[in-house]
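Participant: Got a predicted structure plus its sequence, pasted below:
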Amino acid sequence: MALELLTPFTKVELEVEEKDSNRKQVGILGGNFNPIHNAHLVVADQVRQQLGLDQVLLMPEFKPPHVDTKETIDEKHRLKMVELAIENVQGLAIETIELERKGISYTYDTMALLKEQNPDVDYYFIIGADMVNYLPKWHRIDELVEMVQFVGVQRPKYKAGTSYPVIWVDVPLMDISSSMIRDFIKKDRKPNYLMPHSVLDYIEKEGLYK
């Protein structure tokens with residue numbers, strides 16, 4: 001049975017399945033968060049609300065296999081900015097497993113470990129529409145889709161389709177990127193209203209991205 005969940009801004013289409021009330025429903029939003037910004041937070045919050053998840057965990061990556069690390073700052077700063085961004089935000093928390101493991105972060109390895117540690121949790125792995133197109137190239141993707149439910153988030157300028165099982169969630173279109181914010185800062189332009197004030201204050205205090 002298909003169900004549409006409507007909010008003032010968004011729509012979700014998914015197949016309804018009975019959820020085991022004894023199992024926790026947790027979203028995972030991985031990212032370099034270099035830096036974290038408001039679009040990350042909107043995605044996490046909207047997915048949590050629309051899918052009725054207990055929690056969404058923001059998971060900073062140590063060394064993602066698909067990202068150029070030349071402009072990636074130290075993980076201690078990226079973690080601190082995520083902490084500041086979600087301070088006092090209901091339903092959002094941090095998962096540090098990839099920072100603790102270090103090395104290249106393959107989603108399969110991370111989720112296998114999380115499932116082993118938390119067998120009573122159903123995980124929903126959140127990715128942008130641009131990443132959905134690359135799912136066939138993901139490390140051990142056929143095993144991964146048996147382990148987690150992928151959630152695809154529509155993004156400006158991207159259209160995606162896949163044969164893999166993906167729940168699609170529409171969110172308010174916010175064409176914000178970490179690279180845009182870094183470029184603003186390099187040009188001495190303040191990225192006001194693109195990120196939480198606490199994160200911007202931290203960036204300025206630490207002299208990041210100059």
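Facilitator: Here it is on my side, so go on. Predicted model only: the values in this text are computed from it and were never measured.
Participant: Point to the residue nearest the middle of the protein.
Facilitator: Nearest residue to the geometric centre of the chain (CA atoms, centre = their mean): Leu29, 2.4 Å.
Participant: Which SSE is immediately downstream of the longest helix seen in the chain?
Facilitator: With secondary structure taken from DSSP state H, the chain has its longest helix at helix 38-51. For helix 38-51, the following helix or strand on the C-terminal side (DSSP states H and E) is strand 55-60.
Participant: ok, residues contacting that following strand?
Facilitator: Applying CB atoms under 8 Å, 6 or more residues apart in numbering, the external contacts of strand 55-60 come out as 24, 26-33, 36, 40, 44-45, 47-48, 75, 78-79, 82, 86, 91-99, 110, 126. (Glycine included, C-beta is placed from N, CA and C.)
Participant: Could you tell me which of the residues you listed count as buried?
Facilitator: 26-33, 36, 40, 44-45, 47-48, 75, 78-79, 82, 86, 92, 95, 97-99, 110, 126 (16 or more other CB atoms under 10 Å).
Participant: Now, those residues that are in helices?
Facilitator: The members of the buried ones among the contacts of strand 55-60 that map onto helices under DSSP H are 40, 44-45, 47-48, 75, 78-79, 82, 97-99, 110.
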